[in-house]
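Colleague: From the sequence below, what's the structure:
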Amino acid sequence: AAEYTGALGVLGLILYAALTLLGTQGPWSARLQRLGRATGLAFLGALPFIAALMLYHQATFGHPLETGYKHLNDAAYQPWHLGGFLGIRTPDPRAFFLSFFSPLRGLFTLSPFLLLALPGLGLLKRQGRTSPEARALFWLTAVTLAGYTYFTSSFTYDSWGWTTGPRHLTGLVPFLLLPAGLVLERLREAGRPWLSGVAAMLCAASVLITGLATFVNYIPDDVSTPVLALARPLLLAGYHAPNVLAFLGFPTWLAGGVLLAALVGVAGCLFLALGCDAAGRPVPSMAWAAGLATLAVLWGTQAAFTRNDTADQNAVRFLESVWLQPPGRPPAPFWPRAGS
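Modeller: Predicted coordinates:
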């Protein structure tokens with residue numbers, strides 16, 4: 001959590017600088033003067049906390065610039081934070097590609113509708129020619145995307161752990177929603193049902209893929225894909241995600257089935273809502289065909305990368321051995337009983 005706190009603080013300063021220089025009007029001398037004044041005030045405000053942190057590092061680790069990352073209990077984690085700035089180095093093409101396009105955890109693989117944010121940035125930039133608000137939003141989103149891209153490309157990809165999706169990019173997702181939404185709106189207004197069907201299915205498939213991956217407790221690093229290699233065999237074997245209904249005493253198959261049906265229902269409703277035209281009429285046949293074709297392509301891509309090899313099978317067996325509520329067993333104690 002420490003690197004997230006520091007990254008958010010630095011990101012705020014970078015965003016303010018970008019918006020001051022690029023998102024405002026006026027001569028460059030005035031912009032630089034405002035930025036310099038704001039930078040000085042920010043430094044003065046942070047100085048007491050920086051001094052306190054350096055004193056803590058001096059007392060704990062023997063040097064004001066030495067951090068706790070060099071003294072982790074598990075030595076395997078230490079190399080991730082060595083070199084560069086707390087482990088952030090120059091960009092690595094492997095880290096960049098896997099962060100965004102890995103079949104296991106890539107941001108655009110699990111949530112392909114976020115790709116719509118890229119042409120959405122172009123729409124924001126064009127709107128920014130006449131709208132100061134749109135211009136500020138464009139630079140805010142563009143700088144945020146660039147900052148997160150640099151971070152995830154320059155940090156050790158293997159440090160993510162057994163997580164669902166790229167956890168280092170979680171904070172980027174909200175900033176991509178607005179430009180992606182602009183593309184959806186523009187497609188509906190343009191009256192192009194097949195493009196609207198593709199975009200609507202990208203959104204629905206993102207909910208479905210990410211939701212199914214989230215049903216799994218852990219996703220080991222050596223697995224090929226989260227849905228077809230892990231979620232599918234676990235669900236077919238009766239290993240449903242623990243939920244409130246299960247803790248209330250419902251059978252595992254029923255509680256898991258309700259959760260799965262809810263996920264599919266949300267994805268379906270999302271496609272129906274986004275696939276209709278600007279007048280609110282139901283999804284036309286051309287949009288249905290384009291959406292189903294898009295779903296087939298996404299599912300086929302997942303299937304192409306799913307190996308079902310020894311690593312996948314071992315991961316399934318491991319997850320079955322540590323599942324919180326295996327099939328056929330009552331739910332594990334969750335609430336304390338009276339007198340305990």
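
Colleague: Low-confidence ranges, the protein, go.
Modeller: 1-25, 69, 72-87, 156-159, 330-340 (pLDDT under 70).

Colleague: residue contacts, the closest residue to Arg329 other than its chain neighbours?
Modeller: Closest residue to Arg329 apart from its sequence neighbours, by CB to CB, 6 or more residues apart in numbering: Thr252 at 7.6 Å. All C-beta atoms are positioned from the backbone trio N, CA, C, and that covers glycine. Contacts for Thr252 were tallied using CB atoms under 8 Å, 6 or more residues apart in numbering; they are Gly238, His240, Ala246, Gln325, Pro326, Pro327, Gly328, Arg329.

Colleague: Mind doing that once more with 10 Å?
Modeller: 238-243, 245-246, 323, 325-331 (CB atoms under 10 Å, 6 or more residues apart in numbering).

Colleague: Give me the distance between it and Ala261.
Modeller: 15 Å (CB to CB, to the nearest Å).

Colleague: just checking, Tyr218 touches Trp160?
Modeller: No - if you go by CB atoms under 10 Å, Tyr218 and Trp160 don't touch, sitting 12.0 Å apart.

Colleague: what about the two, which has more around it?
Modeller: Using other CB atoms under 10 Å, the more surrounded residue of Tyr218 and Trp160 is Trp160, with 21 against 14.

Colleague: I'd like the distance between that one and Phe108.
Modeller: Taken as CB to CB, the span from Trp160 to Phe108 is 16 Å.

Colleague: ok, back up a step: show the buried residues in the contacts of Thr252.
Modeller: Tyr239, His240, Ala241, Pro242, Asn243, Leu245, Ala246, Trp323, Gln325, Pro331 (16 or more other CB atoms under 10 Å).

Colleague: Would you list the phi and psi of Ala278?
Modeller: Phi and psi for Ala278, reported as degrees, to the nearest 10, are phi -60, psi -30.

Colleague: what's the neighbour count on it?
Modeller: 12.

Colleague: That one - nearest residue in space that isn't next to it in sequence?
Modeller: Arg188 (4.9 Å).

Colleague: List the residues that contact the one you found.
Modeller: Leu195, Ser196, Ala199, Ala200, Leu274, Gly275, Cys276, Asp277, Ala278, Ala279, Gly280.

Colleague: three-state assignment of it?
Modeller: The local conformation at Arg188, judged by DSSP: H, G, I helix; E, B strand; the rest coil, is helix.

Colleague: How far off centre is the helix or strand containing Ala95?
Modeller: Assignment of secondary structure by DSSP states H and E places Ala95 within helix 93-101. Relative to the chain's own centre, helix 93-101 is displaced by 14 Å; criterion: CA atoms, centre = their mean, to the nearest Å.

Colleague: And it, what does it pack against?
Modeller: helix 107-110, helix 132-154 (3 or more CB pairs under 10 Å, 6 or more residues apart in numbering; DSSP states H and E).

Colleague: ok, now which ones touch Phe271?
Modeller: 197, 200-205, 207-208, 283, 287-288, 291-292, 295.

Colleague: on that earlier part again, identify the farthest-apart pair in the buried ones among the contacts of Thr252.
Modeller: Within those, two members stand farthest from each other by CB to CB: Leu245 and Trp323, at 16.3 Å.

Colleague: So the residue nearest in space to the middle of the chain versus Phe155, what's the distance?
Modeller: For the chain, the residue nearest the mean C-alpha position is Thr170 (3.8 Å; CA atoms, centre = their mean). Thr170 is 14 Å from Phe155, where distance means CB to CB.

Colleague: was I right about Thr214 contacting Asn243?
Modeller: No - using CB under 10 Å, Thr214 makes no contact with Asn243, being 11.5 Å away.

Colleague: Brilliant, that's me finished.
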